[in-house]
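*Asks:* Below: sequence and its predicted model.
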Amino acid sequence: MTEKIALTPGTHTTPPAKFSHGVKKGNILQVAGQVGFLPAEEGRPPTPAGPTLREQTLQTLANVKAILEQGGASWDDVMMVRVYLTDVAHFAELNEIYDAYFEAQNLTAPPAARTTVYVGLPAGLLVEIDALAVLG
């Protein structure tokens, strides 16, 4: 049986409940919902990258990417991305940020499928993103 491996990059804080930032089993890697917290600093609570959707989205994507890389994956391996927004009015801006980010990644594979839903997040957080990757 293939071992299930928890992934927590050094840039991430310990999850606030019993879950892993990412889990890899065989060639499947699931990244848990990530938010736009800056890299963890010892003795400092998690801090959002900034108040804007752009700042938080770019940091959130960097946090997802860190987990993918720790698990031996890249954006080219991602099959599905789920985006959770707190405000329907942010949809167009999110798409602009998202498109520009992925254009800069120089992907060699087609883009992943994506779903966007609207949710409540803790105060000050505007976006959460998770991803499912299949390696090999």
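*Replies:* Okay, I see it. Numbering: from 1, shown residues only.
*Asks:* Enumerate the positions of stretch 50-70 that are buried.
*Replies:* Residues 53-68, 70 are the ones in stretch 50-70 that count as buried (16 or more other CB atoms under 10 Å). Quick note: C-beta positions are derived from backbone N, CA and C, even for glycine.
*Asks:* from the residues you listed, which ones fall inside strands?
*Replies:* Of the buried residues of stretch 50-70, none are assigned to strands by DSSP state E.
*Asks:* How many neighbouring residues does residue 78 have?
*Replies:* 23 (other CB atoms under 10 Å).
*Asks:* What separation do you get for the residue lying closest to it once chain neighbours are set aside and residue 92?
*Replies:* Spatially, and ignoring its direct neighbours in sequence, residue 78 is nearest to residue 112 (4.3 Å; CB to CB, 6 or more residues apart in numbering). For residue 112, the distance to residue 92 equals 20 Å [CB to CB, to the nearest Å].
*Asks:* likewise residue 129?
*Replies:* Remark: distance between residue 129 and residue 92 (CB to CB) = 17 Å.
*Asks:* Look at those two and report which has more neighbours.
*Replies:* Neighbour tally, residue 129 and residue 92, criterion other CB under 10 Å: the higher count belongs to residue 129, 24 against 9.
*Asks:* That one sits in which helix or strand?
*Replies:* Assessed by DSSP states H and E, residue 129 sits inside strand 127-134.
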